[in-house]
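Chemist: Kindly return the folded structure for what I paste below:
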Amino acid sequence: MNFAFSDDQEMVRDAARRLLSERSTMERVHQIMDDPTAYHDQPLWEQMAENGWIGLAVPEEYGGSGLGYLEACVVAEEVGRALACVPLASSSYLVTEALLLMGSEEQKKRYLPELASGQMIGALAVAEGGRLDPQGIRLKSQKDKLTGTKDPVTDALCADVMLVAARTSEGSDGISLFLVKKADEHVKCQALQVMDQTKPLAKVAFDGAPGELLGPAGAGWALIQQLFDRAAVLLAFEQLGGGDHALQMAVAYAKERYVFGRPLGSFQAIKHRLADMFTKLELARSNCYYGAWALSKNAPELGVAACLARVAAGDAFEFASQENVQIHGGIGFTWQADPHMFVKRARHLEYQLGDRRLWRDRLITKLGYPKAG
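Modeler: All right, here's what the predicted structure looks like:
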């Protein structure tokens with residue numbers, strides 16, 4: 001059995017790495033961080049759209065590339081490696097995927113071509129006060145008019161359309177999903193203070209905003225769970241790419257930095273740290289590949305595979321980014337240096353779909369084991 005990506009998929013990876021290494025340099029990421037009005041890297045987003053990377057898993061009949069999820073995974077890894085400042089997760093992994101999963105034929109034809117081409121950007125608005133559980137959803141829909149607030153919402157400030165979870169009745173089966181145009185006068189966005197300045201968050205207020213029902217009424221929470229399983233695999237590849245870049249940075253610095261007349265990397269303590277980073281990333285890689293297979297086949301194992309990929313990749317990226325800072329020493333903590341940016345991205349991706357504790361609980365539930373306590 002071949003567990004590697006095909007030659008064609010590796011060609012997609014090589015093309016993505018070349019472009020991102022040129023267009024999403026650390027200097028460019030710093031520029032986005034330092035500009036409070038830059039909600040994403042628009043020139044890079046347009047270039048990615050020209051290459052068809054935004055709609056890799058979207059069928060050609062809806063304006064996509066018509067390739068598949070394995071290609072989307074390799075691009076996601078390179079996006080994470082480059083810390084690219086683009087709303088790919090929000091628009092492609094979540095809103096586009098939601099339309100593919102549950103949209104009507106008319107909705108797919110209306111929204112997917114614009115989303116796949118990058119002309120429209122989507123954002124997912126589920127959390128309220130940071131809570132990602134059905135009991136925490138209090139935003140209400142009455143006659144498809146939405147009233148309430150969502151926060152935090154990733155990429156809301158650059159989005160054109162939002163997928164909003166709203167309560168239509170009591171209970172976990174009383175949640176529905178709606179598409180809402182951000183430009184509507186009944187929608188207001190307020191920027192929030194963030195740790196990762198390249199990933200803007202917002203508090204979004206809806207005051208009777210018109211919503212378009214997506215999927216069956218009352219089935220919203222079940223659909224969100226399906227959506228999260230699929231997006232978790234792609235986000236795990238972003239985490240894997242970011243962690244691998246952090247490891248490579250640490251190795252390069254350990255080779256070039258001399259301490260007491262010796263390369264920093266020659267000290268046993270540093271070797272052990274680098275080895276631990278590598279081990280965690282390789283474990284995460286195997287789980288990510290399992291998730292990629294399950295996603296590409298829509299296999300029954302997808303739920304378990306998504307949890308494993310999400311937990312392992314999150315743990316590896318967090319560990320690698322923190323160790324990278326430590327190996328760089330005092331310079332690693334400074335704003336001008338690059339290591340802190342990987343710590344910030346690791347924290348953002350950790351909470352975008354819920355933290356590792358939530359995903360460990362999901363894994364225990366899917367495996368049929370009772371939760372502790």
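
Chemist: residue contacts, Pro113?
Modeler: Taking C-beta atoms under 8 Å, 6 or more residues apart in numbering as the contact definition, Pro113 lies against 62-63. In this view, the C-beta of every residue, glycine as well, is placed from N, C-alpha and C.

Chemist: likewise Met341?
Modeler: Neighbouring residues of Met341 by C-beta under 8 Å, 6+ apart: 26, 29-30, 33, 83, 196, 198.

Chemist: again, only using 10 Å
Modeler: Met341 makes contact with 26, 29-30, 33, 83, 196-198, 242, 246, 321, 335 under the criterion C-beta atoms under 10 Å, 6 or more residues apart in numbering.

Chemist: Can you report how many residues neighbour Gly136?
Modeler: Other residues within reach of Gly136, judged by other C-beta atoms under 10 Å, total 14.

Chemist: That one: what's its closest spatial neighbour, skipping adjacent residues?
Modeler: The spatial neighbour of Gly136 that comes closest, neighbours along the chain excluded (C-beta to C-beta, 6 or more residues apart in numbering), is Glu128 at 5.3 Å.

Chemist: Over to Thr149?
Modeler: Across the structure, with C-beta to C-beta, 6+ apart as the measure, the residue nearest Thr149 apart from its sequence neighbours is Ala205 (5.0 Å).

Chemist: so where does that neighbour fall, helix or strand?
Modeler: Here Ala205 sits within strand 201-210, counting by DSSP states H and E.

Chemist: what mean pLDDT does that strand have?
Modeler: In this model, strand 201-210 has an average pLDDT of 97.

Chemist: mind listing what the helix or strand just after it pairs with, with the direction of each?
Modeler: With elements assigned by DSSP H and E, the helix or strand that comes after strand 201-210 is strand 212-214. Each strand that pairs with strand 212-214, with its direction, by DSSP bridges: strand 175-181 (antiparallel).

Chemist: need the strands for this protein, in chain order.
Modeler: With DSSP state E applied, the chain shows strands at 122-125, 140-142, 145-154, 161-167, 175-181, 187-191, 201-210, 212-214, 258-259, 262-263, listed in chain order.

Chemist: Quick check: can you name the pairing partners of the strand holding Ala205 and their directions?
Modeler: The pairing partners recorded for strand 201-210 under DSSP bridges are strand 145-154 (antiparallel), strand 187-191 (antiparallel).

Chemist: As a markdown table, those strands with mean neighbour count would be great.
Modeler: As requested, the strands paired with strand 201-210 are arranged in a markdown table below (neighbours: other C-beta atoms under 10 Å):
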| stretch | mean neighbour count |
| --- | --- |
| strand 145-154 | 20 |
| strand 187-191 | 16 |
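
Chemist: out of these, which comes closest to Ala72?
Modeler: Of all those, it is strand 145-154 that lies closest to Ala72, at 18.4 Å by C-beta to C-beta.

Chemist: now the closest one, how far from the chain's geometric center?
Modeler: 19 Å (C-alpha atoms, centre = their mean, to the nearest Å).

Chemist: CA atoms of it as PDB?
Modeler: These are the backbone C-alpha positions of strand 145-154, laid out as PDB (Å, rounded to 0.1, in the frame of the first residue of the first chain):
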ATOM      1  CA  LYS A 145     -34.500  37.300  10.400                       C
ATOM      2  CA  LEU A 146     -31.400  36.900  12.700                       C
ATOM      3  CA  THR A 147     -30.900  38.800  15.900                       C
ATOM      4  CA  GLY A 148     -28.000  38.500  18.300                       C
ATOM      5  CA  THR A 149     -24.200  38.500  18.400                       C
ATOM      6  CA  LYS A 150     -21.400  36.100  17.400                       C
ATOM      7  CA  ASP A 151     -17.800  36.300  18.700                       C
ATOM      8  CA  PRO A 152     -15.100  35.600  17.900                       C
ATOM      9  CA  VAL A 153     -15.600  35.300  14.100                       C
ATOM     10  CA  THR A 154     -12.400  34.700  12.200                       C
END
